[in-house]
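Novice: predicted model follows, preceded by the sequence.
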Amino acid sequence: DKEVDSELLSGMHLFFLREIPFFISHYMGTIAVLGVALWMLYSDGKERALVLGLLAVTLTLAMGSHTPVYPVLFRYVPLFGLFRFPEKFFFLSYMLLLWATMRGLYAFLERNSQTSRGAVVVLGLVFTGVVGLYLFCRFETSYLIRLISWVTSAPPSVTLRSSAGVIFYLERQVLLVAGLLLILALWKKRKL
């Protein structure tokens, strides 16, 4: 959603926002997508339900007044007024995602057996999804341009520059996912 631009005063060119957000970056890295996907595969149902439920609650609270839940809690729950900045709840969401990522990667890398068919399918789906999103945005740029224009209400010159930046960002993500899959495969084959 952003890239570094040394020519701008803020140092960042934003793709989907008009002003710099409270959190400069929510990016955990591409490895988090693979780790969470593997965690979804290897975790049991109770753990998955608990963590996903907590994640939904903390993300809902972190969105603050952008959801109908936070104002109701703020008004009717006595001590809830102490949380003046709902963005703080995002730290809990971030912690849950980091935990799920590490748990999924640990479960995948520390299994003694060869890679299971399920893990290959899950990792292949992640790669296919990233490549599919890139190809869609690359060859159907009109949808991407309309999305950026709708979200930011920016002039056409900025929208075109932003769409080019998004496509370049997606190219990097395809290469990162492919590289990480190669590293995970080499680890499983005991080459690393």
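Specialist: That came through, no problem.
Novice: may I ask which helix or strand encompasses the nearest residue to residue 99 once chain neighbours are set aside?
Specialist: Computed as Cβ to Cβ, 6 or more residues apart in numbering, the closest residue to residue 99 that is not its neighbour in sequence is residue 51, at 7.4 Å. In this view, the C-beta of every residue, glycine as well, is placed from N, C-alpha and C. Under the criterion DSSP states H and E, the helix or strand holding residue 51 is helix 45-62.
Novice: in that helix, which residues are buried?
Specialist: Of all the residues in helix 45-62, those buried under the rule 16 or more other Cβ atoms under 10 Å are 51, 55, 58-62.
Novice: and if you look at stretch 156-164?
Specialist: Residues of stretch 156-164 classed as buried under the neighbour-count rule (16+ other Cβ under 10 Å) are 158-159, 162-163.
Novice: stretch 130-137 too?
Specialist: Buried-residue list, stretch 130-137, by 16+ other Cβ under 10 Å: 130, 134, 137.
Novice: please apply the same query to stretch 138-145.
Specialist: In stretch 138-145, residues buried by neighbour count (16+ other Cβ under 10 Å) are 144-145.
Novice: tabulate the buried residues of stretch 156-164 (a markdown table), appending pLDDT and secondary structure.
Specialist: Shown next, in a markdown table, are these (pLDDT from 0 to 100; DSSP: H, G, I helix; E, B strand; the rest coil):
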| residue | pLDDT | secondary structure |
| --- | --- | --- |
| 158 | 77 | helix |
| 159 | 82 | helix |
| 162 | 83 | helix |
| 163 | 86 | helix |
